[in-house]
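Asker: the following block contains a protein sequence and its predicted model.
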Amino acid sequence: MTRRTKIVATLGPATDTDRALSDLIAAGVDLVRVNFSHGAFDDHARRIARIRALATKAGRVVGILGDLRGPKVRVQRFASGKALLVDGESFALDPSFDPDAGTDKVVGVAYESLPRDVRKGDTLLLNDGLIALEVTRVEGTRVHTRVTMGGEISDMKGLNKLGGGLSAGALTDKDREDIRMAAELGVDYLAVSFVRNADDVREAWDLLRAAGGEGRIVAKIERRDAIEHLEEIIDASSAVMVARGDLGVEVGYAELTGLQKRIIGLARMRNRLVITATQMMESMIHAPVPTRAEVSDVANAVMDDTDAVMLSAETAVGKHPAKVVQAMAQVIVGAEKWQTSNRADMQRPDGHFTYTDEAIAAAVMFTANHLDVRAIVALTESGSTALWMSRIRSDIPIYAFTRHAATQRRVTLYRGVYPVAFDVTHPAPEQMYPSIFRRMIDDGLAAEGDLIIVTKGELSGVSGGTNSMKIIKVQGAHA
């Protein structure tokens, strides 16, 4: 059974050798994430060059996801490196305080607008919600609080406001520089952190295109504000990421699973891609096998039809980068087995088609789900037809035959879609189908006598021009 849900793995110190990267590719990684929160241009360029070279050597296509740091609000540093906050005691946060002199009474904050964004009664959360503070008053630049859930806090830990409401924009000056870097590095997807609304997404698109980048924008849903503008954010993006770390802190963990299901469902309904991320197999940073709870978490996202699941520290700094990818792949395949029996009942809701290729894609999937078809071949320039097809649940593999390397890398994120290098502008049209047959037989994608569905445009080489489908039987070389 071919695994349909894709795996994104974060690069880091644990993957900085050719052996580690080769093992990651062999384990089945589909895309790698380059975290712009850490490292310089040369570090990212080296990692991207190595993963692409090693993927090519292995006969694989691996996509690149660049991830912007965004306006992560953090406390500054403590004089002794850490402090113990005690329940019921007073503690202050102050943007104007010495950034290196924090104590158990006050600490600096790398966010000047904090005093304007909070008021008495608000709850502030530190270190991913492990410490809770109730705002008692605001005086000038100082926010006074009472510790309601104490604990140890160390340098540069994150700060969130329960329920959202911090006014920081999604893009910082560093992010704008990193967008130019992402364009130069040729990333296939660019993730924008702490998106508030569609304007944040559109600004990222404009900056990326102005810098010459051809990648697609992924909006990370990790703020309460984003939930209030969810549909417009999805429509403005190519993909969304359920970034469950900060999102769980802002909305409360009790709501997180329901929100995850809503985001995945809305993204697919609106023909967008979706990635589920954060702590999916966190225990495997150290352990060689996942916990049962982590297995259920990954399986739940898969059965909700997420396009991809993402690993962060598990592969970036963990002890077993390749093992965790292997474990995730096994869980995915196990979960997908439970979806195949009712594939025909999961058609996308009826509605008006905007594009011809979208209509063709819906017709193909309806036919494929009611006919004994081995595979679907989409002759494509941009990958859009394959995207439409992937929005409808099916266990029938979709092969995106394309001459463009960028399109091959882009479809690595599409659930159930696999890239195949193929020149759709075949110089001899009468040889096109025999060429497809040979390629599928040689690659083990189909056998002689299998039924396949091929989609193509009347005018070869025109992006978005798919306007026909054909059901044909694979013929061998002797035919």
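Answerer: That came in fine, so what should we check first?
Asker: quick check: beta-bridge partners of Asp67?
Answerer: Beta-bridge partners of Asp67, counted by DSSP bridges, are Asn35, Ala191.
Asker: quick one: it and Phe194 touch, right?
Answerer: No - assessed by C-beta atoms under 8 Å, Asp67 is found out of contact with Phe194, at 11.7 Å. Where you see a C-beta, it was placed from the backbone N, CA and C, and this is true even at glycine.
Asker: residues shared between the contacts of these two?
Answerer: Shared contacts of Asp67 and Phe194 (C-beta atoms under 8 Å, 6 or more residues apart in numbering): Lys220.
Asker: A strand includes Met241, no?
Answerer: Yes - Met241: assigned to a strand according to DSSP: H, G, I helix; E, B strand; the rest coil.
Asker: that one: neighbouring residues, count only.
Answerer: If you count neighbours by other C-beta atoms under 10 Å, Met241 ends up with 31.
Asker: please apply the same query to Asp175.
Answerer: 23.
Asker: ramachandran angles for it?
Answerer: Torsion angles at Asp175 (phi, psi; degrees, to the nearest 10) stand at phi -60, psi -40.
Asker: what sits against it?
Answerer: For Asp175, counting by C-beta under 8 Å, 6+ apart, the contacting residues are 36, 68-70, 192-193.
Asker: need these in JSON lines (columns: neighbour count).
Answerer: Formatted as JSON lines, those follow (neighbours: other C-beta atoms under 10 Å):
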{"residue": "Phe36", "neighbour count": "26"}
{"residue": "Leu68", "neighbour count": "25"}
{"residue": "Arg69", "neighbour count": "15"}
{"residue": "Gly70", "neighbour count": "27"}
{"residue": "Val192", "neighbour count": "26"}
{"residue": "Ser193", "neighbour count": "25"}
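Asker: and the residue sitting nearest the centre point of the chain, which of the three is it?
Answerer: Ranked by distance to the mean C-alpha position of the chain (C-alpha atoms, centre = their mean), the top residue is Ile275 at 3.7 Å. Classification of Ile275 by three-state DSSP places it in strand.
Asker: distance of it from Val420?
Answerer: Ile275 sits 23 Å away from Val420, going by C-beta to C-beta, to the nearest Å.
Asker: got a list of what the residue nearest to Leu273 when sequence neighbours are not counted touches?
Answerer: What sits nearest to Leu273 in space, not counting adjacent residues and going by C-beta to C-beta, 6 or more residues apart in numbering, is Ala239, at 3.6 Å. Contacts for Ala239 (C-beta under 8 Å, 6+ apart) come out as 189, 216-219, 267, 272-275, 307, 413.
Asker: who does Ala239 bridge with?
Answerer: Applying DSSP bridges, one finds that Ala239 bridges with Val218, Leu273.
Asker: cool, and the one 4 residues further on?
Answerer: The residues listed as beta-bridge partners of Ala243 by DSSP bridges are Ala277.
Asker: and it, how many neighbours?
Answerer: Neighbour tally, Ala243, other C-beta under 10 Å: 27.
Asker: does it really touch Val218, like I thought?
Answerer: No - in this structure, Ala243 is not within contact of Val218 by C-beta under 8 Å, at 9.9 Å.
Asker: helix/strand/coil for Lys470?
Answerer: Lys470 is classified as strand under three-state DSSP.
Asker: kindly apply the preceding question to Leu93 instead.
Answerer: From three-state DSSP, the assignment for Leu93 is strand.
Asker: now for it: which residues touch it?
Answerer: 75, 106-109, 114, 124, 133, 142-143, 145, 159 are the contacts of Leu93 under C-beta under 8 Å, 6+ apart.
Asker: narrow those to those in helices?
Answerer: Leu114 (DSSP state H).
Asker: and of the contacts of Leu93, the nearest to Gly28?
Answerer: Comparing these against Gly28 with C-beta to C-beta places Leu159 closest, at 37.0 Å.
Asker: residue ranges of the helices in the stretch 351-479 of the chain, please?
Answerer: Under the criterion DSSP state H, counting those that start in this stretch, helices of the stretch 351-479 of the chain are mapped to 356-368, 384-390, 405-410, 432-442.
Asker: go on, the stretch 1-150 of the chain?
Answerer: Using DSSP H, counting those that start in this stretch, helices in the stretch 1-150 of the chain cover 18-27, 41-57, 114-117.
Asker: out of those, flag the one nearest Val251.
Answerer: That would be helix 114-117 among the helices of the stretch 1-150 of the chain, by C-beta to C-beta, at 17.2 Å.
Asker: list the buried residues in the closest one.
Answerer: Across helix 114-117, burial judged by 16 or more other C-beta atoms under 10 Å covers 114-115, 117.
Asker: can I get those in CSV with distance to Phe401 and pLDDT?
Answerer: Formatted as CSV, the buried residues of helix 114-117 follow (distance: C-beta to C-beta, whole Å; pLDDT from 0 to 100):
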residue, distance to Phe401, pLDDT
Leu114, 53, 97
Pro115, 57, 97
Asp117, 51, 96
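Asker: now do the same contact list for Gln475.
Answerer: 434, 437, 448.
Asker: most neighbours among the residues you listed, which one?
Answerer: Most crowded among those, counting by other C-beta under 10 Å, is Phe437 at 22 neighbours.
Asker: local confidence estimate at the residue nearest to that residue when sequence neighbours are not counted?
Answerer: Of all residues not flanking Phe437 in the chain, Val474 sits nearest, at 5.2 Å (C-beta to C-beta, 6+ apart). As predicted, Val474 sits at a pLDDT of 95.
Asker: what do you get for the one 3 residues further on?
Answerer: In this model, Ala477 is scored at 58, pLDDT.
Asker: pLDDT below threshold where in this structure?
Answerer: 1, 340-351, 426-427, 429, 458-465, 477-479 (pLDDT under 70).
Asker: related to what we said a few turns ago, from the contacts of Ala239, which is closest to Pro99?
Answerer: When the contacts of Ala239 are ranked by distance to Pro99 (C-beta to C-beta), Ala219 comes first, at 30.8 Å.
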